[in-house]
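Enquirer: when you get a sec, could you give me coordinates for this:
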Amino acid sequence: MADKIQLEVVTPEKMVISEMVDIVVATGVEGEFGVLPGHIPFLTPLKVGELRYRIANKHDYLTVMGGFTEVSHNKVTVLAEAAEQARDIDIERAKKAKERAERRLAEAQAKKEGIDYVRAEAALKRAILRITIIEKRI
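Expert: Next up, the predicted model:
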């Protein structure tokens, strides 16, 4: 069994990360899961959530906006709709997005418009996730 596992996070636009890591923890639709070197193969869909990994004593975080994770041959491949590393997140922009989503959520709820409500709720979850990831990294 190897002492590291390859982590690759890919979006339609780019390779977000490709690193040898000690552990990967992500948010699947069935809940949080962790992958260590030598893990058995599996495939699972992801929820909007955080992905964290560790290299030696350094922990780092990414946002993952849905997609799939495949574990096979000592490699974790994440195919995400969107993903970003904590260091790439603009905290002020994330806070403004959160405020905007909260306003839209309140407006949609008042108008009883289901589609706008669902979209505003999803935007709010994404903004909160970004803020949470940044705060964990600090």
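Enquirer: quick one, what contacts Glu92?
Expert: Contact analysis of Glu92 by C-beta atoms under 8 Å, 6 or more residues apart in numbering lists nothing. All C-beta atoms are positioned from the backbone trio N, CA, C, and that covers glycine.
Enquirer: per-residue pLDDT, it?
Expert: In this model, Glu92 is scored at 88, pLDDT.
Enquirer: go on, Ala56?
Expert: pLDDT at Ala56 comes out at 92.
Enquirer: could you tell me how many residues sit around the residue lying closest to it once chain neighbours are set aside?
Expert: Among residues not flanking Ala56 along the chain, Asp22 sits closest, at 7.1 Å (C-beta to C-beta, 6 or more residues apart in numbering). Applying other C-beta atoms under 10 Å, we find 17 other residues in the vicinity of Asp22.
Enquirer: please begin residue numbering at 7 from this point
Expert: Sounds good: first residue 7 from here, last item Asp28.
Enquirer: give me the phi and psi for Asp28.
Expert: Reported as degrees, to the nearest 10, the phi and psi values for Asp28 are phi -90, psi -40.
Enquirer: hmm, it is touching Ile61, no?
Expert: Yes. The criterion here is C-beta atoms under 8 Å, and Asp28 meets it with Ile61 at 6.2 Å.
Enquirer: overlap in contacts of the two?
Expert: In contact with both Asp28 and Ile61: no residue, using C-beta under 8 Å, 6+ apart.
Enquirer: OK, contacts around Ile139?
Expert: Going by C-beta under 8 Å, 6+ apart, the list of residues near Ile139 reads Glu56, Tyr67, Leu68, Thr69, Ala92, Ile95.
Enquirer: next, work out how far apart it and Asp9 are.
Expert: Applying C-beta to C-beta, to the nearest Å, the value for Ile139 to Asp9 is 27 Å.
Enquirer: swap in Val84?
Expert: 21 Å.
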